[in-house]
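Asks: return atomic coordinates for the entry below.
(2 chains)
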Protein chains: 2
Amino acid sequence: MDTITRLDLRSQRNLTMLVDFYELTMANGYLNTEADDTIAYFDMFFRKIPDGGGYCIMAGVQQLIEYLTNLKFTDEDIEYLRSKAIFSKEFLNYLANFKFSCDVWAIPEGTPVFPNEPLVTVRGPVMEAQFIETMILLTINHQTLIATKAARICEAASGRPVMEFGSRRAQGYDGALYGARAAIIGGCNATACTMADELFNVPVTGTMAHSWIQLFDSEYEAFAAWAKTYPDNTVLLVDTYNVLKSGIPNAIKVFDEILKPMGKRPKAVRIDSGDIAYLSIETRKMLDEAGYEDVKITISNSLDEFIIKAVLENGAKIDSFGVGERLITARSEPVFGGVYKLVAIEKNGTIIPKIKISENVEKITNPGFKSLYRVYDKKTNKAIADLIALNDENFDNNKPLQLFDPNYTWKKKRIKNYNIKNLMVQIFDKGKCTYESPSVMEIREFCGKEKASLWSEIRRLQNPHQYYIDLSKNLWNLKESLLHEYSSIYEE
Amino acid sequence: MDTITRLDLRSQRNLTMLVDFYELTMANGYLNTEADDTIAYFDMFFRKIPDGGGYCIMAGVQQLIEYLTNLKFTDEDIEYLRSKAIFSKEFLNYLANFKFSCDVWAIPEGTPVFPNEPLVTVRGPVMEAQFIETMILLTINHQTLIATKAARICEAASGRPVMEFGSRRAQGYDGALYGARAAIIGGCNATACTMADELFNVPVTGTMAHSWIQLFDSEYEAFAAWAKTYPDNTVLLVDTYNVLKSGIPNAIKVFDEILKPMGKRPKAVRIDSGDIAYLSIETRKMLDEAGYEDVKITISNSLDEFIIKAVLENGAKIDSFGVGERLITARSEPVFGGVYKLVAIEKNGTIIPKIKISENVEKITNPGFKSLYRVYDKKTNKAIADLIALNDENFDNNKPLQLFDPNYTWKKKRIKNYNIKNLMVQIFDKGKCTYESPSVMEIREFCGKEKASLWSEIRRLQNPHQYYIDLSKNLWNLKESLLHEYSSIYEE
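Replies: Residues are numbered from 1 along each chain as shown, chains lettered A, B, ... in the order given. The predicted structure follows:
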């Protein structure tokens, strides 16, 4: 064990059996019906942006890669499955020798993404491509949910640092760890989750709890002991008894009596309860009057994007925010509804597109093997629209591009002077990983640039302008023709 | 690796570094200030029942035990911490030789619990007792949240089986796995999470996705292939195209043409979209008319306790429910707000109670080293009230018990013919585990009995009767006297 690091252990984690049981019953069924050599194409996509926002932030690809790399059934797994007495011997044998062989494409982490766009596309033998559904959804749904929420909260903080403080209220250990990872990707500046720093090399932060104060005979003594321990980085929690009558006066006393003689400047005070607009304004005055204009005020009390926006509008004097449970669980909308749908099958080399129809028009899928393009204005570098196209289509940015609304096709737009970028990258080629993830801090930086390519109307927290997501003419035609094939189902 | 099972790997998982960074800065501070030999008492408790319910279900103790058993800093962890350049050499040395030595008490999993009751109590050197805060909260908050939600959903289903189907929308891998565990404890009959069965030996279930249907040239062929593969357990998903015009007619055709000649009876049909009240009623009629009165109808479409209750009131003909995202994330209220507060310190063998005051009266803590008792009526075996008392108090059920409301002390109740049970069990004695967890299915059974000991007025989903949580006279007196000591803080 000594030479295996926590990161090794983590990235070698075998999560093969974290799978909905029906993926196994279906796989056994495919083998039984000899449909197992069918090549299937699946898309992962979502239909709705949480919290009525204007965009989502893709996250989780690195963990998806680790999962797929470690896919392997152990002897113990095979024995367990045998004990269920419903799987054929042939199938259990297949699992024992299982080797992942699919092609996988994904949108890189940190990219803003929109409804109905393929985030992940899988091509391969139906048994494999179906089997990995549960974990693709679990991985991407979770991290995209949290990265998206973090982006919203950082947007509200308008450039002030935001720290992720939610581990204790996360939904499980991975909820805390990968939630912290996703929060950093979405824009947070630091996390309190130590393991996230150890594994992903992201800024970690932490000071004291109320219990530190309570353990001493007085607040002053508690503050003094802290300042002596951390003279270069003194941050004091000032709301254990009463912020303005006790916490700030004691803090100033410690700054004067302990730090000043050492030639040290305090860093910040933290307020964790009460009316943060009022308390921060009064605290600012008291600190300034005492000559501590450079001491920051940090706030951490059940915050989210709406409270942050509201208190800043109230004139709150806050330099940074610690955000806990409402970020790490995406409390206001804690489910990211990504789905994984069959979009085509391949028989004897021919791709046969498939569509999932529904009485709910917005639940009808985009058929076929597709790519996703983003079109940027050449002058402003702002994103104009996304274009979902069939995989074999090509676009030449020397020619004008004709876009149209897939629902109201008379709404057309002719675009010149644009750049067009294929957003999907191949991450697995016949089962072999072909992509190396950037570091989390690199992804965060990339995300920052990509967010900046969106017009601020798209980034607005509520009632944002809807970003254009168009279909290519070929894809639109294909979809229409498949819908007409099924139209008899809607007849009464 | 061959002789180490997944369960071994799981229960040996070292989560030591999954800790808020401030636990480490505080521990380093305690050592620096020589407060490290102080013995501290901490309580974990919560203040509010989610969803306005009448009770919560305790869960997560087994995972807490595993965490505490595996607490150990590796060389790599020490190196990582050294690189932060804020921890003393003495402290890093202490961590390298860290050995957990606390006493820990907890409420057994599956027990109904109520606000302000100690769920976990820790006694030990302050550095250790403080350090484990993050993981105690993370573990118990998560599983108690999901077990509580599951209990509500099962209550709404009024005895019909409920299956947990949420892995793909869970918040991280442990969110899926331990969420499934907690859902079973709270009352679910099965889960779709294969790993949960493999590790915890709980019923697992699964049939087919819409993609199975789509992969075949027709719905009939897809159903036929399934029935041939699983003739003893045929469950068909009937909503891919149109439940009443396509799904049910094709299902009946397959029952008649494939299963009947084999002498087999189909098990069920599953509906995953549309108006489930209407569709289930019409489906029931069609199945009955075709001679399949024994074939069950199972439903799975963004369900929660409110929808289940509503459709059953509509006369829906549903035999079982599959519940996904709204259970596994406790979507309507996805945060369980457990907190961990210092309640006493011990110096030279004397316990000094501590209180955390707040301008918010409901946030004031119960001081001291405590126990939790449940009082049952001898005749009905129903729970009458819980009594939070100091640890050294004794109760004799041969004598009448005087209870009073801690806020309105004139509201008194004198109880005779009662049984009184100490709910807390010691799980660690000076760092050694002294408790063996029952199996998950045993906990589920225990939970069922304990829920039955609550009056149905407490179990009501909305506006339940508030269960009585009283303080002993000694505890009440202690709390009052500590509050008076601090009363100057409230003076203007």
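Asks: list, one by one, the residues from the stretch 351-492 of chain A near chain B.
Replies: By C-beta under 8 Å from any C-beta of the partner chain, the residues of the stretch 351-492 of chain A that approach chain B are A:354, A:356-360, A:486, A:489. Every C-beta, even on glycine, is put in place using the N, C-alpha and C of the backbone.
Asks: make sure A:Glu305 is actually in contact with A:Arg460.
Replies: No - between A:Glu305 and A:Arg460 there is no contact under C-beta atoms under 8 Å: 11.3 Å.
Asks: out of those two, which sits in the busier spot?
Replies: A:Glu305 (25 against 14; other C-beta atoms under 10 Å in any protein chain shown).
Asks: need the contact list for A:Thr134.
Replies: Neighbour list for A:Thr134: A:18-20, A:23, B:167-168 [criterion: C-beta atoms under 8 Å, 6 or more residues apart in numbering or on different chains].
Asks: go on, A:Asp43?
Replies: A:118-121, A:340-341, A:343, A:365-366, A:370.
Asks: which parts of the lowest-mean-pLDDT helix or strand in chain A are buried?
Replies: Across the helices and strands of chain A, mean pLDDT, DSSP states H and E gives its lowest value to helix A:6-11, namely a mean of 72. By neighbour count on 16 or more other C-beta atoms under 10 Å in any protein chain shown, the buried set for helix A:6-11 is A:6, A:10-11.
Asks: and stretch A:384-398, by the same measure?
Replies: For stretch A:384-398, by 16+ other C-beta under 10 Å, it's A:384-391, A:395, A:397.
Asks: what about the closest residue to A:Asp377 other than its chain neighbours, which SS state?
Replies: Excluding the flanking residues, the one nearest A:Asp377 by C-beta to C-beta, 6 or more residues apart in numbering or on different chains is A:Ile384, at 5.4 Å. Secondary structure assignment for A:Ile384 (DSSP: H, G, I helix; E, B strand; the rest coil): strand.
Asks: A:Ile384 and A:Tyr468, how far apart?
Replies: To A:Tyr468, A:Ile384 is 7 Å away according to C-beta to C-beta, to the nearest Å.
Asks: again, but for A:Thr207
Replies: 45 Å.
Asks: which one's more surrounded, those two?
Replies: Set A:Thr207 next to A:Tyr468 and count neighbours by other C-beta under 10 Å: A:Thr207 wins out with 24 against 19.
Asks: mind pulling up the pLDDT for A:Tyr486?
Replies: On the pLDDT scale, A:Tyr486 is placed at 78.
Asks: in CSV, list the C-alpha atoms belonging to whichever helix or strand it is part of.
Replies: Per DSSP states H and E: A:Tyr486 is located in helix A:473-486. What follows is helix A:473-486 as a C-alpha-only set of coordinates in CSV (Å, rounded to 0.1, in the frame of the first residue of the first chain):
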residue,chain,number,x,y,z
LYS,A,473,-30.8,21.1,-42.6
ASN,A,474,-29.8,17.4,-43.0
LEU,A,475,-30.5,16.5,-39.4
TRP,A,476,-33.8,18.4,-39.5
ASN,A,477,-34.9,16.6,-42.7
LEU,A,478,-34.0,13.2,-41.1
LYS,A,479,-36.0,14.0,-38.0
GLU,A,480,-39.0,15.1,-39.9
SER,A,481,-39.1,12.0,-42.1
LEU,A,482,-38.8,9.7,-39.0
LEU,A,483,-41.6,11.6,-37.2
HIS,A,484,-43.9,11.2,-40.2
GLU,A,485,-43.2,7.4,-40.2
TYR,A,486,-44.6,7.3,-36.6
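Asks: what separates it from the chain centre, distance-wise?
Replies: Relative to the chain's own centre, helix A:473-486 is displaced by 32 Å; criterion: C-alpha atoms, centre = their mean, to the nearest Å.
Asks: now do stretch A:6-17
Replies: Put simply, stretch A:6-17 sits 20 Å off its chain's centre (C-alpha atoms, centre = their mean).
Asks: cool, and stretch A:175-190?
Replies: For stretch A:175-190, the separation from the chain centroid amounts to 8 Å (computed by C-alpha atoms, centre = their mean).
Asks: repeat for stretch A:305-314
Replies: Relative to its parent chain, stretch A:305-314 has a centroid offset of 23 Å by C-alpha atoms, centre = their mean.
Asks: and that stretch, is it in reach of chain B?
Replies: No - Stretch A:305-314 lies out of reach of chain B by C-beta under 8 Å from any C-beta, never closer than 14.7 Å.
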